[in-house]
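Peer 1: Quick one, fold the following:
(2 chains)
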2 protein chains.
Amino acid sequence: MTATVTPIRRATTPSLDPIMQLVAADMNQVNGVILARMQSDVPLIPELAGHLIAGGGKRMRPMLTLACAKLLDYHGTRHHKLAATVEFIHTATLLHDDVVDQSGLRRGRRTANMIWGNAASVLVGDFLFSRSFELMVEDGSLRVLKILSNASAVIAEGEVNQLTAQRRIETSEQRYLDIITAKTAVLFAAACRIAAVVAERDAAIEEALDQYGRYLGIAFQLVDDVIDYESDGATMGKDAGDDFRDGKVTLPVILAFARAGEEDRTFLREAIEGLRNDDEDLARATAILHATGALSDTAERARHYGRRAIDALAAFPNGQAKSALIEAVEFAVSRAF
Amino acid sequence: MTATVTPIRRATTPSLDPIMQLVAADMNQVNGVILARMQSDVPLIPELAGHLIAGGGKRMRPMLTLACAKLLDYHGTRHHKLAATVEFIHTATLLHDDVVDQSGLRRGRRTANMIWGNAASVLVGDFLFSRSFELMVEDGSLRVLKILSNASAVIAEGEVNQLTAQRRIETSEQRYLDIITAKTAVLFAAACRIAAVVAERDAAIEEALDQYGRYLGIAFQLVDDVIDYESDGATMGKDAGDDFRDGKVTLPVILAFARAGEEDRTFLREAIEGLRNDDEDLARATAILHATGALSDTAERARHYGRRAIDALAAFPNGQAKSALIEAVEFAVSRAF
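Peer 2: Got it, this is the predicted structure:
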């Protein structure tokens, strides 16, 4: 392996194309597993699950499993089923998230809970979650089972933690980082780590890929938090200002609340508590977030984690896989501009 | 082993006391695991989970694991963690069920969704479900993992199947049996079967215990269906007529609809479709269910499955454990009178 330092910026606009091309053949296999294993004699299950699974997601998590397997020059097929497992866990989480948040729009389409109701979304989420465990049990690696069952428990714990932080303007930056680590970064980390397990690499390799996924996950979420205030439904694929209306205390809000004057702090507190959440309030909140530098500094925090993700790959050999994984990070952080 | 046939009726009133005494010491260990493993740094998790877990459930499923282990003369401790696993799966299911059914009362107490809201119930259910997988992965038996992950997927599938059958008066008896097998009997079967795995017994023993649990589970559910029309909130610990008001097509309704005259059939259809669901309607429905013999015949169906559960134990040696398992069946079916 050759140690290497790669700059976070490049001349051309970073994109997910290289990583998508890298794993395209494998992803076809993964999609086959996903389609086959979301079937059921109960028609509502493939119908509802298919709405979300076929609904234009980027398949970031399975893509990471596949790309990390490429990085390790793995030539088997176990990672296809495991990548599908990771996507099922993620999809189950999204179904439940949309019920919890009462969301109406995701990836530019109506959410499953709006079409089929909360009950169906809860239960089909449970099905996909159970199915994900069946799939990983079929793989039969206790090490993989431990990684993914632990990730699932941490995700659920993070979801509850976020729920109890909801509408609490005093949430600290550290608590917020803990929440997004649990909710988002841990599954990114697990998706990458399991590639090392199937490729039968040592603990240091496992750990390095875990770090890559974890930091990328944090960066991804922080950029999402910025975009929620900077975009609109058409470009983002979900309702703009959703976080604001749900009283979600994301990092931009935490930074702005710490920095703003008394009047704006009062406004932000009332907004997060749900007393001010119309379009005009959203515009004012966005203005405060800009004026305090909260949005640009959240983006800078995201770039910090992006750099750490890239550094975690330093010991891996240069090549197509490593370049694609690095550009995926650069793409993630570039979305905030 | 001595083949034996035991009558379904006994002179004294059957009770759960013998099985509870049989497993009392082991159940203390199981309760210790449950309490330890429902903890979290997020206070809402043990608070909400504890409300249901400490809320006076009979711990039927872990009790079955422990009693079956006794029947097989197992002297290890692996079944403690696995019995806790089964209870976690069950508890997660209850939390989600109450959200789906919008229930207000369970085991004589307000439901978690009424106290903490649907979002918290969904997410803490997810946590318990994930935690159950962590626990079984710690046990490390792929055979157990396969049994319990499959049971979880079947339960979730059964829940969705039930949801789509809701308010459909034409549901067939067979579809209904499929639903309750998936929703209830499969976890009873798995709870019993895993005792054979930890005791390292052969496939025939596994299968016999699976059958015992499965038929007991069906009997249990059918009796619950009868009780829902024959009891009141105080004795049953949940709202009487809940099934009726939710438009749940249970076996008593299926039998009554098949047997009733045109006028009563129209009434039942409208009731199940949600057009007639006040107290007076419930009284009329109950009267129809009595007059058509639907309630007594559902109880007879329950006794049929009870007899099959007891027959599944025929090849096991007589003794305290077998007697207790038989009396548990007799208790289950006796509740309908």
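
Peer 1: Close to chain B: what parts of the stretch 51-200 of chain A are there?
Peer 2: Counting by Cβ under 8 Å from any Cβ of the partner chain, the positions of the stretch 51-200 of chain A adjacent to chain B are A:96, A:99-100, A:118-120, A:122-124, A:126-127, A:129-131, A:133-134, A:137, A:140, A:142, A:145-146, A:149-150, A:152-153, A:155-157, A:159-161, A:163-164. Glycine gets a C-beta too; all of them are placed from N, C-alpha and C.

Peer 1: Give me the below-cutoff pLDDT ranges for the stretch 101-250 of chain A.
Peer 2: Along the stretch 101-250 of chain A, the parts satisfying pLDDT under 70 run over A:231-239.

Peer 1: in chain A, which residue is closest to the centre?
Peer 2: By Cα atoms, centre = their mean, chain A has its centre lying nearest to A:Thr184, at 4.6 Å.

Peer 1: Double-check it against A:Tyr215; I have them as touching.
Peer 2: No: applying Cβ atoms under 8 Å as the test, A:Thr184 and A:Tyr215 come out as separate, 11.3 Å apart.

Peer 1: And the helices in the stretch 101-250 of chain A, which stretches?
Peer 2: Secondary structure of the stretch 101-250 of chain A (DSSP state H, counting those that start in this stretch): helices located at A:112-116, A:118-139, A:142-165, A:173-180, A:186-198, A:203-230, A:233-236, A:242-245.

Peer 1: Compile those helices into TSV and extend it with columns for mean neighbour count.
Peer 2: Listed next are the helices of the stretch 101-250 of chain A as TSV, based on neighbours: other Cβ atoms under 10 Å in any protein chain shown:
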stretch	mean neighbour count
helix A:112-116	20
helix A:118-139	26
helix A:142-165	22
helix A:173-180	18
helix A:186-198	27
helix A:203-230	23
helix A:233-236	12
helix A:242-245	20
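
Peer 1: Using a markdown table, lay out these together with distance to B:Arg193.
Peer 2: Converted to a markdown table, those look like this (distance: least, Cβ to Cβ, whole Å):
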| stretch | distance to B:Arg193 |
| --- | --- |
| helix A:112-116 | 33 |
| helix A:118-139 | 15 |
| helix A:142-165 | 19 |
| helix A:173-180 | 39 |
| helix A:186-198 | 29 |
| helix A:203-230 | 34 |
| helix A:233-236 | 48 |
| helix A:242-245 | 45 |
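
Peer 1: Of all those, which one comes closest to B:Arg307?
Peer 2: Evaluated over the helices of the stretch 101-250 of chain A, closeness to B:Arg307 peaks at helix A:118-139, with 31.5 Å, by Cβ to Cβ.

Peer 1: Now do the closest one: which elements does it pack against?
Peer 2: When contacts are defined as 3 or more Cβ pairs under 8 Å, 6 or more residues apart in numbering or on different chains; DSSP states H and E, helix A:118-139 packs onto helix A:17-37, helix A:44-53, helix A:78-101, helix A:112-116, helix A:142-165, helix B:78-101, helix B:118-139, helix B:142-165.

Peer 1: Quick one: closest of these to A:Asp242.
Peer 2: Nearest of the helices and strands packed on helix A:118-139 (Cβ to Cβ): helix A:78-101, 7.3 Å.

Peer 1: between the closest one and helix B:78-101, how many degrees?
Peer 2: Angle between the axes of helix A:78-101 and helix B:78-101 is 50 degrees (criterion: axes from the mean of the first three to the mean of the last three Cα atoms, to 10 degrees).

Peer 1: So which elements touch helix A:78-101?
Peer 2: In terms of contacts (3+ Cβ pairs under 8 Å, 6+ apart), helix A:78-101 is packed against helix A:17-37, helix A:44-53, helix A:60-71, helix A:112-116, helix A:118-139, helix A:142-165, helix A:186-198, helix B:118-139.

Peer 1: Now do the second one: which elements does it pack against?
Peer 2: Counting contacts by 3+ Cβ pairs under 8 Å, 6+ apart, helix A:44-53 is packed against helix A:78-101, helix A:112-116, helix A:118-139, helix B:142-165.

Peer 1: Those into TSV, with extra columns for distance to A:Glu262?
Peer 2: As requested, those are exported to TSV (distance: least, Cβ to Cβ, whole Å):
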stretch	distance to A:Glu262
helix A:78-101	30
helix A:112-116	39
helix A:118-139	40
helix B:142-165	51
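
Peer 1: Which of those sits closest to A:Glu200?
Peer 2: Of these, nearest to A:Glu200 by Cβ to Cβ is helix A:78-101, at 10.4 Å.

Peer 1: what about the closest one, distance to the chain center?
Peer 2: Taking the mean of its C-alpha atoms, helix A:78-101 sits 11 Å from the chain's own mean (Cα atoms, centre = their mean, to the nearest Å).

Peer 1: re earlier: how about the helices and strands packed on helix A:118-139, which one is nearest A:Val333?
Peer 2: In terms of Cβ to Cβ, the element of those nearest to A:Val333 is helix A:17-37, at 14.6 Å.

Peer 1: Could you tell me which residues make contact with A:Glu87?
Peer 2: Contact analysis of A:Glu87 by Cβ atoms under 8 Å, 6 or more residues apart in numbering or on different chains lists A:30, A:34, A:53, A:59, A:61-62.

Peer 1: just curious, which of those is nearest to B:Glu263?
Peer 2: Out of the contacts of A:Glu87, the member with the shortest distance to B:Glu263 (by Cβ to Cβ) is A:Ile53, at 47.0 Å.

Peer 1: What count of nearby residues applies to the closest one?
Peer 2: Applying other Cβ atoms under 10 Å in any protein chain shown, we find 21 residues neighbouring A:Ile53.

Peer 1: ok, now which ones touch it?
Peer 2: A:34, A:38, A:87, A:91.

Peer 1: what's the most distant pair in these?
Peer 2: Between all members of the contacts of A:Ile53, the farthest pair (by Cβ to Cβ) comes out as A:Met38 and A:Glu87, at 9.9 Å.
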